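> next comes the sequence, and after it the predicted model I'd like to discuss.
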Amino acid sequence: MTGIQTDTTTDKPKTAEQIDLEEAETALNAKDYKTARNLLEKLIKLDVKDDDEEGVRIKESAILNLGRVFKETKDAKGTMVIFQMK
């Protein structure tokens, strides 16, 4: 049985966004680009406050990983999605 996932650096429970980012990275490494793209696009659309360091880090990672998805799938037009999202 799986317990609550925690951040090993702080022992705090992981947020849904942290879990989504980890799942997206796992999907990307497994070349499951559709799943990775869906999760990453969801994370990029998050409304993050400037002083939310963890939220900003997650959003930045999502943007970079989504760029990797587009590179791996040779979807040059897909990169425009990043610029259209908030």
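Happy to help now that I have it.

> tell me which helix or strand the closest residue to residue 59 other than its chain neighbours sits in.
Nearest residue to residue 59, sequence neighbours excluded (C-beta to C-beta, 6 or more residues apart in numbering): residue 48, at 5.3 Å. No exception for glycine: its C-beta is placed from N, CA and C like everyone else's. Using DSSP states H and E, residue 48 falls within no helix or strand.

> same check, this time on residue 62
Residue 62 belongs to helix 53-72, assigned by DSSP H and E.

> now the helices for the chain?
16-29, 33-44, 53-72, 79-84 (DSSP state H).

> what's the most buried one of those helices?
helix 33-44 (a mean of 19; mean count of other C-beta atoms under 10 Å).

> quick one: that helix to helix 53-72, angle?
Taking axes from the mean of the first three to the mean of the last three C-alpha atoms, to 10 degrees, one finds helix 33-44 and helix 53-72 inclined to each other by 150 degrees.

> please name every helix or strand in contact with helix 33-44.
helix 16-29, helix 53-72 (3 or more C-beta pairs under 8 Å, 6 or more residues apart in numbering; DSSP states H and E).
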